[in-house]
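Trainee: Give me the fold of what follows.
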Amino acid sequence: MPTQRLQQALGHTFSRPELLAQALTHRSYGAVNNERLEFLGDSVLNCSVARALYDAFPELPEGSLSRLRANLVRQETLAEIAVALRLGESLRLGEGELKSGGFRRPSILADALESLFGAVFLDAGFDAAQGVVRRLFDPLVAKIDPRASGKDPKTQLQEILQARRLPLPEYQLVDTRGEAHDQSFIVDCVLTKPALTTRGVGKSRRAAEQEAARQACEALQK
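Mentor: I've put the predicted structure just below:
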């Protein structure tokens, strides 16, 4: 069954299966859903990732650690982990969300993953919940280059332009493609001085903007 496979992937078997069921229940399915568990899981996630970064990078200051954590706990990262876990196969969705492909929507997947962290916390305590988070996020932490700034591309681009006393970029939505549950956004990053336009594609407008900004940073640093 999907939930058995999911528990194996998480490394946690629920002693209270009703908590697992609630964590996998979207609000479109019924009144008893995962919204409160998501609230709890968000705190568990942030604390656990903060501890992982604190241990991994003892030389980094608070600001850099905060930026790294923000990149790790954002919706895009959570949704990618949820897809790897095949979490969508276990979700309980209302008829409308099922028809529109809600089991693939990044926001629903990310919220459900946070709900699972909250459910594990209630089921077995913080150490167990932290263990689940660390199992999923430690590989991502291990890939972080501590020599990098930890800043997202849009912030890096803004700082580069400000340091050179140049105008800030404009981000223009060029196109949106695909069905509502599986959209791709195309965004241009437009610089007036120097004259430069780069294009990013992503599963959200924010992700597309970040990709366009990353390309602009690379062009300016050549």
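
Trainee: contacts, neighbours, all on C-alpha from now
Mentor: OK.

Trainee: and Leu19, how many neighbours?
Mentor: Under the neighbour criterion other CA atoms under 10 Å, Leu19 is assigned a count of 21.

Trainee: surely it meets Gly118?
Mentor: No. With contact defined as CA atoms under 8 Å, Leu19 does not count as touching Gly118 (9.0 Å).

Trainee: you'd agree Val141 is in a helix?
Mentor: Yes. Counting by DSSP: H, G, I helix; E, B strand; the rest coil, Val141 is found in a helix.

Trainee: check contacts around it.
Mentor: For Val141, the contact set (CA atoms under 8 Å, 6 or more residues apart in numbering) comprises Ala52, Leu53, Ala56.

Trainee: of all these, which comes closest to Val174?
Mentor: Checking those against Val174 by CA to CA gives Leu53 as the nearest, at 36.5 Å.

Trainee: My guess is that closest one contacts Ser66. True?
Mentor: No. Using CA under 8 Å, Leu53 makes no contact with Ser66, being 9.2 Å away.

Trainee: more neighbours, the two?
Mentor: For the pair Leu53 and Ser66, the greater number of neighbours falls to Leu53 (20 against 16), based on other CA under 10 Å.

Trainee: Show the contacting residues for the more buried one.
Mentor: Leu53 touches Leu65, Leu68, Arg69, Val141, counting by CA under 8 Å, 6+ apart.

Trainee: one step back: quick check, nearest of the contacts of Val141 to Arg135?
Mentor: Nearest to Arg135 out of those is Ala52 (CA to CA; 10.7 Å).

Trainee: Tell me the pLDDT of that closest one.
Mentor: With respect to pLDDT, Ala52 scores 97.

Trainee: What residues sit buried inside stretch 58-76?
Mentor: Neighbour counts over stretch 58-76 (16 or more other CA atoms under 10 Å) mark Leu60, Ser64, Leu65, Ser66, Leu68, Arg69, Ala70, Leu72, Val73, Gln75, Glu76 as buried.

Trainee: Equivalent analysis for stretch 27-44, please.
Mentor: Judged by neighbour count using 16+ other CA under 10 Å, the buried positions of stretch 27-44 are Tyr29, Asn33, Asn34, Glu35, Leu37, Glu38, Leu40, Gly41, Asp42, Val44.

Trainee: what's that stretch in contact with?
Mentor: 22-26, 92-97, 111-119, 121, 126, 129-130.

Trainee: Distance from that stretch to the middle of the chain?
Mentor: 17 Å (CA atoms, centre = their mean, to the nearest Å).

Trainee: Compute the first-to-last residue distance for that stretch.
Mentor: One end of stretch 27-44 sits 21 Å from the other (CA to CA, to the nearest Å).

Trainee: Could you list the domains of this structure?
Mentor: Domain assignment for the chain by automatic domain parsing gives 2-142, 153-221.

Trainee: How far off centre is the longest one?
Mentor: Okay, so that is domain 2-142. Relative to its chain's centre, domain 2-142 lies at 10 Å (CA atoms, centre = their mean).
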